[in-house]
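Engineer: Sequence and predicted structure are below.
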Amino acid sequence: MSLQDRGRRRYTSGVLTLSDKGARGEREDTSGVMLRELLRAEGFEPAAYEIIADRRELIVRTLVAWVDEKGIDLIITTGGTGVSPTDVTPEATLEVIDRQVPGIAEAMRQASLEKTVNAMLSRGVAGIRGQSLIINLPGSRKAARENIEVVLPVLQHALYKLQGGPADCGGSGMAGVPPGR
Amino acid sequence: MSLQDRGRRRYTSGVLTLSDKGARGEREDTSGVMLRELLRAEGFEPAAYEIIADRRELIVRTLVAWVDEKGIDLIITTGGTGVSPTDVTPEATLEVIDRQVPGIAEAMRQASLEKTVNAMLSRGVAGIRGQSLIINLPGSRKAARENIEVVLPVLQHALYKLQGGPADCGGSGMAGVPPGR
Amino acid sequence: MSLQDRGRRRYTSGVLTLSDKGARGEREDTSGVMLRELLRAEGFEPAAYEIIADRRELIVRTLVAWVDEKGIDLIITTGGTGVSPTDVTPEATLEVIDRQVPGIAEAMRQASLEKTVNAMLSRGVAGIRGQSLIINLPGSRKAARENIEVVLPVLQHALYKLQGGPADCGGSGMAGVPPGR
């Protein structure tokens, strides 16, 4: 693979929808589909998409498999970030990440808070596992869209850096080469 | 209990004041009393109120008893959130909660920061233990009042959801039924 | 030592620069030097300054020595707060602090976010070990300067309080006396 080819490498993305009803086929996953297409339009290659129930160990297992086996660069979850007893996406995510990126969650909540006070109940986290970035979004299509738009401007840069891109990447716009692949 | 009665159930609240001087009777607890009355006016039934010393294990024991034995829905602490050596309310709270609700603390600090730079030294946390919500407020009457006002608009909704209220509660305004009571 | 002398005590400060290139002498540490001089101008006595590589255990060891052996009041780190694989300053800091001060990091990111979206990737934390305050700043001179200016107004008060200054310090402007020295 030439340097140029590697420089043009598209990052892969996975969308994981957390929804008991969705997993039973009782609810259409408009949020997950929206996110997949939005990420595709932003240049991310859809590599995984699944709807699973709000069970912590199942979320952990899926996230680990998507990072460690499939090597997906960017994983966006939607759902399970609220305060309901079944909302355990943040806890599952905290369990699998090596390093938190608190500013991503803070920025999303800060932006949402200008629209609705209930934004302060959104418990989503963001972090890094190996060379992948995992970000929790709320389950509602509207909130998920508002939140992803807050982070879209930093995603390419974040992945480039977390996969070992040199410090002085400035405006080069080169996509990074994930080591170990 | 009829569905209607349950729908009208008032949530209970407890106010826990952390103050070495207050516990020794050397200082009047204007902050705790203000919070109790403010919560009563907001529809919460006062179920507990205590002034205890800034001792971590004592705070832990009290919070656990109020949730696990008394089943108090909303616990507001005031005091012990600063950077003094005796300020350990956040650490005690983190020890007893199952799930953090970081957006509550962020929103309170963000609002306070517009009034005073010292707001960034307020280390309060918020989180869920079982079916109860615990929120740390600063000890000063003025700061406690400013902070509680930031979260008041979400408290009923938060309790409804964290006690298992269905997802589509929208504008129903129904109070939740705490399971297991 | 008279009360007056104690009241006039200047706090000591240490600047720890995290940079693989800087540690090898391949890059000038403009950020660390700027911070040292800025803190000196703010009344902090420079007591330590070092450039070390981005290695977690080395950062931990240095922070512990600066607090436990040198008794430095304020430690500012610069570098290693991003998302690169080598950026582990926050993790090392979390390992050595007893109590987090999340509002400091939140306030710095919030201010930076108004200038650049990449601020949300800054993972710095702040916290207390014993009677010392440790704050992570980004590595770039510009970002480090912007961030330190956000917290400068609270540093003297924070140190006074975390070293056991009485609650009603109000406008006395007295510097605290670190116990155990």
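Structural biologist: Looks like it arrived, so ask away.
Engineer: Which part of chain A gets nearest to chain B, residue-wise?
Structural biologist: A:M120 (3.8 Å; Cβ to the nearest Cβ). (C-beta placed from N, C-alpha, C; glycine too.)
Engineer: list the contacts for that residue?
Structural biologist: Shown in contact with A:M120 (Cβ atoms under 8 Å, 6 or more residues apart in numbering or on different chains): A:109, A:113, B:101, B:103-104, B:106-107, B:151, B:154.
Engineer: Where does the residue nearest to it when sequence neighbours are not counted sit, in terms of helix or strand?
Structural biologist: Among residues not flanking A:M120 along the chain, B:G103 sits closest, at 3.8 Å (Cβ to Cβ, 6 or more residues apart in numbering or on different chains). Using DSSP states H and E, B:G103 falls within helix B:102-113.
Engineer: What strands line up against the following helix or strand past that helix, and which way round?
Structural biologist: Counting by DSSP H and E, the next helix or strand C-terminal to helix B:102-113 is strand B:126-129. Strand B:126-129 sits in its sheet next to strand B:99-100 (antiparallel), strand B:132-137 (antiparallel), going by DSSP bridges.
Engineer: Around chain C, pick out the residues from chain A.
Structural biologist: Chain A comes close to chain C at residues A:99-104, A:106-107, A:110, A:128, A:131, A:133, A:151, A:153-154, A:157-158, A:161-165, A:167, as judged by Cβ under 8 Å from any Cβ of the partner chain.
Engineer: Closest to the centroid, which residue in chain A?
Structural biologist: A:I76 (2.3 Å; Cα atoms, centre = their mean).
Engineer: Spell out the secondary structure type for A:I76.
Structural biologist: strand (DSSP: H, G, I helix; E, B strand; the rest coil).
Engineer: Isn't it up against A:T12?
Structural biologist: No. Between A:I76 and A:T12 there is no contact under Cβ atoms under 8 Å: 11.8 Å.
Engineer: which residues touch A:D87?
Structural biologist: Contacts for A:D87 (Cβ under 8 Å, 6+ apart) come out as A:54, A:80-81, A:123, B:99.
Engineer: Low-confidence ranges, chain A, go.
Structural biologist: Within chain A, the segments meeting pLDDT under 70 span A:1-8, A:167-181.
Engineer: Can you show me the helices along it?
Structural biologist: Taking DSSP state H as the criterion, chain A carries its helices at A:3-7, A:20-23, A:30-41, A:56-64, A:89-96, A:102-113, A:141-162.
Engineer: can you redo those as a markdown table with distance to C:S31?
Structural biologist: What follows is the helices of chain A, written out as a markdown table (distance: least, Cβ to Cβ, whole Å):
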| stretch | distance to C:S31 |
| --- | --- |
| helix A:3-7 | 29 |
| helix A:20-23 | 48 |
| helix A:30-41 | 35 |
| helix A:56-64 | 35 |
| helix A:89-96 | 31 |
| helix A:102-113 | 19 |
| helix A:141-162 | 18 |
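Engineer: Including mean neighbour count, could these go into CSV?
Structural biologist: Formatted as CSV, the helices of chain A follow (neighbours: other Cβ atoms under 10 Å in any protein chain shown):
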stretch, mean neighbour count
helix A:3-7, 11
helix A:20-23, 18
helix A:30-41, 18
helix A:56-64, 17
helix A:89-96, 21
helix A:102-113, 23
helix A:141-162, 20
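Engineer: Let me know which of these is the nearest to C:A144.
Structural biologist: Set against C:A144 and scored by Cβ to Cβ, the helices of chain A come closest in helix A:102-113, at 15.9 Å.
Engineer: how about the nearest residue to A:M108, chain neighbours excluded?
Structural biologist: Spatial nearest neighbour of A:M108, chain neighbours left out: A:N147 (4.4 Å); criterion: Cβ to Cβ, 6+ apart.
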